Structure formats: C-alpha cells, structure tokens
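Asks: attaching a predicted model along with its sequence, questions to come.
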Amino acid sequence: MNRSVLVTGGNRGIGAAIARAFAAGGDKVAITCRSGEPPEELTSLGVLPVRCDITDAEQVEQAYKEIEEKHGPVEVLVANAGITKDQLLMRMSEEDFTSVLDTNLTGAFRVVKRANRGMLRAKKGRVVLISSVVGLMGNPGQANYAASKAGLVGFARSLSRELGSRNITFNVVAPGFVESDMTAVLGDEQRESVLGQVPLKRFGRAEEIAATVRFLASDDASYITGAVIPVDGGLGMGH
C-alpha cells in the first residue's frame, strides 16, 4: 500500500494506533492534532503531524492543503478526533452539549466533506468513522457524547447511499472499553464493575481497533459499506 491516509486525532490512544498500523503497512499517513506533540514513534515512521482544530473549517481547509501538497489527495480518511464532557442532564450546560457535538459529529462532517472532493475526482475512497459502544447503548452522564457518536451512524449510512455509486465506502467502528490512560487510573472495584459487563472479561487494545479499521480500508472490504462494526468484547452485542 502507498495511499494517502489521514487520521484525525491521531496523536494518542486509538488514533495513534491506527496511524501506526497504516504507516507500518506502507501508507503515507498524516494525523491531525489540536494540541500537544505527536509521539516520536509516529514521526520516526514518517507520519506527518498537522496542527488542526476540526471545529474550525478554515483550519481543516489548511490542513488538507498541507497534506495534499506532501502526500497527495486523501484516499483513506479515519475520522477519530473526539472529546467528552460528561455530566448528568440536569447539570449539563448547553455548551457542554454543543461543544461535544461540534467536535465529534460536525467535526466529522467537516473532514469528510473536504476529503470527498478528492475522492469524487478519483472515483474511489475509504472513510471510517470512529464511534463508540456508548453511541449504540447509551450511558448515564454521557447524553452529549452518546448523541454525537450515534449521529455518526446515520451520517455514514446516508453517505453510503449517496456516494456508493462513486466507489466510496463509509463504515463505522464502535469500540468498547479500551486500555488507555483513562482505564489505567480505575480502582480495582471500578475495573471489576466495568469488566463484569464485558463477556470477554478484559479491556480491548487500541491495536485491535486499528486492525479493524485497516481491514475496512483494504481491498478485502471493497463490498462493505454502511456497516457498524463493534469491537467491544461483546459489551454491546451489536446493538
């Protein structure tokens, strides 16, 4: 593979694992990061870091111009960037709700729409949206996050119908609980409570999410579009 791949929010966690997997496979990979520096392991693989806040349409445009100049038009887009602002409904401010939607859902719209320009010209493309098991099942205190992640499903399926004839596929990956900085700080009782809901009785690994994304972007998945693939150890049972 030697495609131009963009992973938004690719500087840590699941996004970094996805970027690493594509780069290891020989693709030209760019990542967007809103803040902080990309891991040295990614830059050593030749991953191109691009500063971009996906809530800003102008920054998205500039990021694409930089990527196109160095790697060519984006052929594979992984919309992974997202935020959380968890709060019970009665305490959730309007800004808590709208900012999460603006990043997780409208941000995905911005990057997908811009990538679509080159994909239409090429008459091919792969788009993978990173949702969450929470978007399918719901979770107390995460109405904003769940709504944003559920919205990605309708977004992907609408675009699958709209652009399928152009050989552009749109699929959704819905991770469950994944080993991360967030899960690392859970106490033993909290871990047991979480794992008690997961049939496989363990957290997932970011590399397992990345492998599913790479499959959906491969030729082997050329007849898959509009699908929602749970990678959650059975937590959501495909809701």
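Replies: Arrived safely, thanks for sending.
Asks: alpha carbons only for contacts and neighbour counts from here, please
Replies: OK.
Asks: lowest-pLDDT helix or strand in the chain?
Replies: The helix or strand of the chain with the lowest confidence, counting by mean pLDDT, DSSP states H and E, is helix 181-184 at a mean of 67.
Asks: after it comes which helix or strand?
Replies: Using DSSP states H and E, the helix or strand that directly follows helix 181-184 along the chain is helix 188-195.
Asks: using CSV, write out every CA atom in the longest strand belonging to the chain.
Replies: Ranked by residue count under DSSP state E, the longest strand found in the chain is strand 168-175. Once side chains and other backbone atoms are set aside, the C-alpha atoms of strand 168-175 remain, and they are given as CSV (Å, rounded to 0.1, in the frame of the first residue of the first chain):
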residue,chain,number,x,y,z
ILE,A,168,-16.6,5.5,-1.9
THR,A,169,-17.3,3.4,1.2
PHE,A,170,-18.4,4.7,4.6
ASN,A,171,-18.2,2.5,7.6
VAL,A,172,-18.3,2.9,11.4
VAL,A,173,-16.2,1.2,14.0
ALA,A,174,-17.7,1.2,17.5
PRO,A,175,-15.0,0.5,20.2
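Asks: does anything pack onto that strand? Which helices or strands?
Replies: Packing contacts for strand 168-175, counted by 3 or more Cα pairs under 8 Å, 6 or more residues apart in numbering; DSSP states H and E, involve strand 125-130, helix 133-137, helix 143-163, helix 206-216, strand 228-231.
Asks: what do you get if the cut-off is 10 Å, keeping everything else the same?
Replies: Contact partners of strand 168-175 among helices and strands, from 3 or more Cα pairs under 10 Å, 6 or more residues apart in numbering; DSSP states H and E: strand 76-79, helix 107-122, strand 125-130, helix 133-137, helix 143-163, helix 206-216, strand 228-231.
Asks: closest one to residue 97 among those?
Replies: In this view, the helices and strands packed on strand 168-175 are compared for proximity to residue 97 by Cα to Cα, and helix 143-163 is the closest at 5.1 Å.
Asks: so what's the spatially most central residue of the chain up against?
Replies: What sits nearest the mean C-alpha location of the chain, by Cα atoms, centre = their mean, is residue 80, with 2.2 Å. Neighbouring residues of residue 80 by Cα atoms under 10 Å, 6 or more residues apart in numbering: 6-10, 14-16, 18, 32, 104, 107-108, 128-131, 173.
Asks: just residue 4 next, same as before
Replies: For residue 4, the residues meeting the contact criterion (Cα under 10 Å, 6+ apart) are 22, 27-30, 67-68, 70-77.
Asks: which of those residues fall in helices?
Replies: Here DSSP state H is the test, and the contacts of residue 4 give 22, 67-68, 70-71 as lying in helices.
Asks: pull out the buried residues from those.
Replies: Neighbour-count burial within those applies to 22, 67, 71; the criterion is 16 or more other Cα atoms under 10 Å.
Asks: residues touching the residue located most distally from the centre of the chain, list them.
Replies: Within the chain, residue 189 marks the point farthest from the mean C-alpha position, 29.5 Å out by Cα atoms, centre = their mean. Shown here is residue 189, whose contacts under the criterion Cα under 10 Å, 6+ apart are residue 195.
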